[in-house]
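pasting the sequence and the predicted coordinates here, then a few questions.
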Amino acid sequence: MTIIETRDLSKYYIFGSGLRVDALREVNLKIEEGEFVSFMGPSGSGKSTLLNIVGCLDKPSSGTVFIKGTEVDYRNSSSIVSLHRQTIGFVFQAFNLISTMSAMENVCYPMHFNRTSSSLQKQRATELLDLVGLGDRLNHLPSELSGGEQQRVAIARALANSPRLILADEPTGNLDSDTGKKIADLMRKINREQGVSFVITTHDPEMARTADRVVKLKDGKIAPEAF
Ligand code: ADP
Ligand code: ADP
């Protein structure tokens, strides 16, 4: 089944001076359920814009996006909320953990919105933190964890509500290359073992190659040939 499809997706920005920036130009893309795809390209090529629109964090200027076969209605906030609660998990370059909450509390946090009982939340968060290799760090605050460990917590948090798709914007961009490699291996393991689809953005060709498929972006367009 196709989890993401875009048809003629475009996004432009018009500045006060009248300058127009085309961040995406008629992007057509299909991603199948269970795939691990990377969007790769230089800074400014449109990777984050594409990821943010597919993740319904931003709206297209024109064109359509289908998630699991249903066209996204960007004006319907309740359908977007439900996609964010049930279908899509996010991982960010800067981890974006809540600094006053422990690893366990950060992973429980998205479950509050799905009315999971507090004992079930703790049980699931413990399992997820175990899965990402942090079974012995449940009560640590983000400031007490390394960058790689913080990203592991963020991956566990992204999995909290059992999404079918995880979108990760430069997930290894703030990590040294060895740590980044381990985070990429962890995402691949979750992809293989749990069938969760992943889309990551990266400007690093080595990181891009950990994916099943590399979608190369340049000036807001998908480069025609695979590489
Ligand atoms: P990448 O993630 O590949 O670095 P982006 O998607 O962030 O690329 O940006 C693509 C283009 O769109 C760039 O020219 C960028 O400057 C522009 N852009 C992105 N976001 C905005 C915004 N909020 N306002 C204006 N221009 C933007
Ligand atoms: P990245 O490539 O890691 O996404 P960017 O520097 O391209 O980082 O973008 C960081 C943020 O700044 C994005 O959320 C984007 O929306 C915004 N942004 C990028 N370019 C511009 C721009 N020219 N004008 C306004 N906002 C921008």
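Cool, got the structure. Ligands and ions are numbered 1, 2, ... in the order given.

would you mark the buried spots in the host helix or strand of S82?
According to DSSP states H and E, S82 maps onto helix 77-86. For helix 77-86, a neighbour-count test (16 or more other C-beta atoms under 10 Å) marks I80, L83, H84 as buried. All C-beta spots, glycine's among them, are computed from the backbone N, C-alpha and C.

might one say that the second one is in contact with I67?
Going back to what we said before, that points to L83. Yes: using C-beta atoms under 8 Å, L83 makes contact with I67 at a distance of 6.3 Å.

overlap in contacts, the two.
Counting by C-beta atoms under 8 Å, 6 or more residues apart in numbering, the residues touching both L83 and I67 are C56.

correct me if wrong: L167 contacts T87.
No: between L167 and T87 there is no contact, the gap being 10.6 Å when judged by C-beta under 8 Å.

name the residues that touch the helix holding S82?
Counting by C-beta under 8 Å, 6+ apart, C56, I67, V72, D73, Y74, P110, F113, N114, N161, P163 sit against helix 77-86.

what's the closest of the buried residues of helix 77-86 to ligand 1?
Nearest to ligand 1 among those is I80, at 18.4 Å by C-beta to the nearest ligand atom.

phi, psi of the spatially most central residue of the chain?
Nearest to the geometric centre of the chain sits L167, at 1.5 Å (C-alpha atoms, centre = their mean). The phi/psi pair for L167 (degrees, to the nearest 10) reads phi -110, psi 130.

and it, how far is that from V91?
7 Å (C-beta to C-beta, to the nearest Å).

one more: S61?
Counting by C-beta to C-beta - S61 and V91 are separated by 26 Å.

compare neighbour counts for those two and give me the winner.
V91 (22 against 14; other C-beta atoms under 10 Å).

lowest-confidence helix or strand of the protein?
helix 205-208 (a mean of 90; mean pLDDT, DSSP states H and E).

list the buried ones in that one?
M207, A208.

what sits up against it?
Against helix 205-208 from outside (C-beta under 8 Å, 6+ apart): S38, M40, T172, S177, G180, A184, I200, T202, V214.

kindly recompute the last result at 7 Å.
With contacts defined as C-beta atoms under 7 Å, 6 or more residues apart in numbering, helix 205-208 is touched by S38, M40, T172, G180, A184, T202, V214.

just the buried subset of the contacts of helix 77-86, written out for PyMOL, thanks.
Of those, the buried ones go into a single PyMOL selection, burial set by 16+ other C-beta under 10 Å:
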select buried, resi 56+67+72+110+161+163
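
filter the contacts of helix 77-86 down to the ones in helices?
P110 (DSSP state H).

any chance of JSON lines for the contacts of helix 77-86, columns distance to N139 and pLDDT?
Below are these laid out as JSON lines (distance: C-beta to C-beta, whole Å; pLDDT from 0 to 100):
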{"residue": "C56", "distance to N139": "33", "pLDDT": "97"}
{"residue": "I67", "distance to N139": "36", "pLDDT": "98"}
{"residue": "V72", "distance to N139": "38", "pLDDT": "98"}
{"residue": "D73", "distance to N139": "41", "pLDDT": "98"}
{"residue": "Y74", "distance to N139": "40", "pLDDT": "98"}
{"residue": "P110", "distance to N139": "19", "pLDDT": "96"}
{"residue": "F113", "distance to N139": "23", "pLDDT": "89"}
{"residue": "N114", "distance to N139": "23", "pLDDT": "88"}
{"residue": "N161", "distance to N139": "22", "pLDDT": "96"}
{"residue": "P163", "distance to N139": "25", "pLDDT": "97"}
